[in-house]
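**Student:** Build me a model from this:
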Amino acid sequence: MAATPQNPAVAQQPASATPRRKVSRHRGEGQWAAGHFTPLNGNEQVKKDDDGLNVRTRIETLYSKRGFDSIDPSDLRGRMRWWGLYTQRRPGIDGGKTAVLEPEELDDEYFMMRVRIDGGALTTQQLRVIGEISQEFARGTADITDRQNVQYHWIRIEDVPEIWDRLEAVGLSTVTACGDTPRVMIASPVAGIAEDEIIDGTPALEEMKRRVLGNKAYSNLPRKFKTAISGSPVLDVVHEINDVAFVGVRHPEHGPGFDLWVGGGLSTNPKLGVRLGTWVPLEDVPDVYEGVLSIFRDYGYRRLRNRARLKFLVADWGPEKFRQVLEDEYLGRRLTDGPAPEQPVQQWRDHIGVHRQKDGRHYVGFAPRVGRVDGTTLTKIADLAESHGSGRVRTTVEQKMIILDVEEDRVDSLVESLEALDLSARPSPFRRGTMACTGIEFCKLAIVETKARGASLIDELERRIPDFDEPITINLNGCPNACARIQVADIGLKGQLMLDERGQQVEGYQVHLGGALGLEAGFGRKVRGLKVTADELPDYIERVLKRFQEERADGERFATWVGRASEEALS
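**Tutor:** The predicted structure is shown next:
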């Protein structure tokens, strides 16, 4: 286990969560490692008053029995996130009021609930339970997120204990699915399956979960902490935008292992993760993970919420200092230098379609529309996975799904059955590449609608440009927070309100063009003053994609073309 500095003199913090530092009277950035334990904002005070993990008892014994109005505000808008619960947006509140109303005015008396699915790994028994809960308690909702989770809406507080019981009976949980905690650990959905895999990270993932989930040593972080691990050469876990990521590589002397990245993240101040230049063997990944997580806990900035992510600490320290602190203070040993991962040879990293497994069977990836499914559909997918495979299903970081272990003579039948459910294993580039966040339908931070607009945009583009066959990502986000990764999409659309040609306030989008991950990772370009109303969106995207078709060089990617195109061509 990773070594953790301690300061036993500081009684108000868990012994395993406190560094060996002298207490300073200067509040600085609120770093525990500098002795700054006095909460400097309301969020830090709430966490000091009571650990978020403790709220479960109150939900089970008080709130679920007395109803929504009995919930303490600090639990309602704070600690309940530690168990995957956010209040959802009250219906009928338009985007112009998002930033001006008080929280209690935005809150509906229903919750979003996030089920964490580490590595996207599900059995059909688990998937069937998820589907049944959706139908019984969530009005059929069950969105697949871009972090391999499933997200419900319309959850009543009275039903939460029963939902937990059902999930936990099949090995699922909502623990730390939200909050200032280690969030779901994303991993290659074909770990241990794919023919081209460099190394299977599953044993490390399981040990990381065992050490961290529900552990109060890590339940009070400065903010959320996102983790990724994959041994796939297609780089299928968006490692560049996670707080910590382990990327499969082959060391010329030591063989397969992982390259360590830290400090990635998007939102309103996007930063790509940086390599520490190390090679980490599979058996050491949990120690290194715990060390990076502990650095964030102890040295992370707690004064301002908008600087309380690991990416700001990494930017200030640089990779050399970060590695030194990790080695000297948390691991007590030097890490081995190692190579960078090779660039993938393909643009699509979503595992859509039919692929051969290393055991000779096949896996079949398919595309719901912008991650939107429902409980009935999920139970039907479980049926198909049992009748055509071995009962194993995966979710992906692209809001897609995969059925594993399909014999060759069952592949065509499965593909046809999926098509009948509007779940295409051979989707158009638009169905395959369009992603949308929750949007104003349920999210209290959103300004515009996203899910329905993304689904209708797919239909329009398939009708208007049926011959378009290049990889393209179109990501719609309801606000500036980038849950749908707008800055790293070919076409990223950030929701905002704007005036149309008649001077009326309408929903619209600021446009980001030419972002990418994996191949030449970088953030999209913002064309000066380029904003598009929601109604104009299909026209605009059709126009830009047709110009790309006309002007692109042989084999040129959309993002590369955007980098050299004129502002006129992109407008």
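
**Student:** Any buried residues in stretch 379-391, and which?
**Tutor:** Using 16 or more other Cβ atoms under 10 Å as the test for burial, stretch 379-391 gives 379-382, 384-386, 388-389, 391. (Each C-beta comes from the backbone N, C-alpha and C, glycine too.)

**Student:** how close does Arg394 get to Lys400?
**Tutor:** Computed with Cβ to Cβ, to the nearest Å, the distance linking Arg394 and Lys400 is 9 Å.

**Student:** related to what we said a few turns ago, any chance of TSV for the buried residues of stretch 379-391, columns distance to Val237, pLDDT and secondary structure?
**Tutor:** As requested, the buried residues of stretch 379-391 are exported to TSV (distance: Cβ to Cβ, whole Å; pLDDT from 0 to 100; DSSP: H, G, I helix; E, B strand; the rest coil):
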residue	distance to Val237	pLDDT	secondary structure
Thr379	27	98	helix
Lys380	27	98	helix
Ile381	22	98	helix
Ala382	24	98	helix
Leu384	25	98	helix
Ala385	22	98	helix
Glu386	27	98	helix
His388	26	98	helix
Gly389	23	96	coil
Gly391	24	96	coil
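
**Student:** Those into a markdown table, with extra columns for distance to Val411?
**Tutor:** As requested, the buried residues of stretch 379-391 are exported to a markdown table (distance: Cβ to Cβ, whole Å):
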| residue | distance to Val411 |
| --- | --- |
| Thr379 | 22 |
| Lys380 | 18 |
| Ile381 | 16 |
| Ala382 | 18 |
| Leu384 | 12 |
| Ala385 | 13 |
| Glu386 | 16 |
| His388 | 8 |
| Gly389 | 10 |
| Gly391 | 17 |
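
**Student:** quick one: which of those residues is nearest Gly563?
**Tutor:** Within the buried residues of stretch 379-391, proximity to Gly563 (Cβ to Cβ) peaks at Ile381, which comes in at 39.2 Å.

**Student:** how close does the closest one get to Thr174?
**Tutor:** For Ile381, the distance to Thr174 - Cβ to Cβ - is 21 Å.

**Student:** What of Ala315?
**Tutor:** Distance of Ala315 to Thr174, computed by Cβ to Cβ: 32 Å.

**Student:** Have a look at these two and say which one is more surrounded.
**Tutor:** Thr174 (22 against 14; other Cβ atoms under 10 Å).

**Student:** Return the residues in contact with the nearest residue to that one once chain neighbours are set aside.
**Tutor:** Leaving aside its sequence neighbours, Thr174 sits nearest to Gly84 (Cβ to Cβ, 6 or more residues apart in numbering; 3.1 Å). Listed by Cβ atoms under 8 Å, 6 or more residues apart in numbering, the contact set of Gly84 reads 113-116, 174-178.

**Student:** again with Pro341
**Tutor:** 233, 235, 247-249, 259.

**Student:** and it, that's in a strand?
**Tutor:** No - under DSSP: H, G, I helix; E, B strand; the rest coil, Pro341 falls outside any strand and is assigned coil.

**Student:** doesn't His362 make contact with Ile193?
**Tutor:** No - judged on Cβ atoms under 8 Å, Ile193 makes no contact with His362 at a distance of 9.9 Å.

**Student:** between those two, which one's more packed in?
**Tutor:** Ile193 (25 against 22).
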